[in-house]
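Q: the following block contains a protein sequence and its predicted model.
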Amino acid sequence: MRAARGDYAALNEAARLLTCGQPEVPAMLGKALEERKQAQRSLQFSMEELAGHAAQELLRGAEGGATRVVVRVFDDAEPAYLRMVATRLSAEPGVQALLATRGPGLRSGQAGGHVVFAQSPGLAADMNALLREALHAAGGKGGGTRDFAQGSVPDASRVEMIVAAAATRLREAAGLV
């Protein structure tokens, strides 16, 4: 009997939240879920469009000659967005991207950061090794492939240091320092 009362209370609360009668709860919930899926698809499309524009803007200001190096720290960007921008940048020939964002904490109560290093196929750097080296000093973790690596650090204030150190290593490897 207690379980039935709990089920009734849950159904009653669902009806209240959906502003409908109890018999309409399944249909209203189905409609709400479909609207949510559509909103997520729309958001994904918008993020991809924005990432493409951001990548083009970053390329305009990139330093370098034959290999352009893009360095950017975003505030409050989602890691998924950062990956989209890095993917767009690395699709261009001769590009190395060192991107980071200050984001939600990795452990509750802490402000964490996310880092993505990417490069166009065929370039000499090993982005996975570069990322691991840069993150190690900041207490972060991550990995990936020679051309695309990502990771995180528990302290978002360290992302600038990580990106700057990686940029210096790329310049040294290219003989620019």
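A: Here it is on my side, so go on. Numbers count the residues shown, from 1 in each chain.

Q: what about the helices in the protein?
A: 2-18, 25-60, 79-90, 127-137, 159-173 (DSSP state H).

Q: separation between the most centrally placed residue in the chain and residue 123?
A: When C-alpha atoms, centre = their mean is applied to the chain, the residue found nearest the centroid is residue 79 (1.2 Å). For residue 79, the distance to residue 123 (C-beta to C-beta, to the nearest Å) stands at 23 Å. C-beta: built from backbone N, CA, C; applies to glycine.

Q: what of residue 153?
A: With C-beta to C-beta as the criterion, residue 153 and residue 123 are 25 Å apart.

Q: which one's more surrounded, these two?
A: Neighbour comparison, residue 153 and residue 123: the larger count goes to residue 153, with 26 against 18 (by other C-beta atoms under 10 Å).

Q: for residue 162, see how far away that one is.
A: For residue 153, the distance to residue 162 - C-beta to C-beta - is 7 Å.

Q: shared neighbours, those two?
A: 113, 115, 135, 138, 140 (C-beta atoms under 8 Å, 6 or more residues apart in numbering).

Q: okay if I get these as CSV plus distance to residue 168, neighbour count and pLDDT?
A: Putting the shared contacts of residue 153 and residue 162 into CSV (distance: C-beta to C-beta, whole Å; neighbours: other C-beta atoms under 10 Å; pLDDT from 0 to 100) gives the following:
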residue, distance to residue 168, neighbour count, pLDDT
113, 18, 28, 92
115, 15, 28, 96
135, 15, 24, 92
138, 15, 20, 86
140, 17, 23, 91
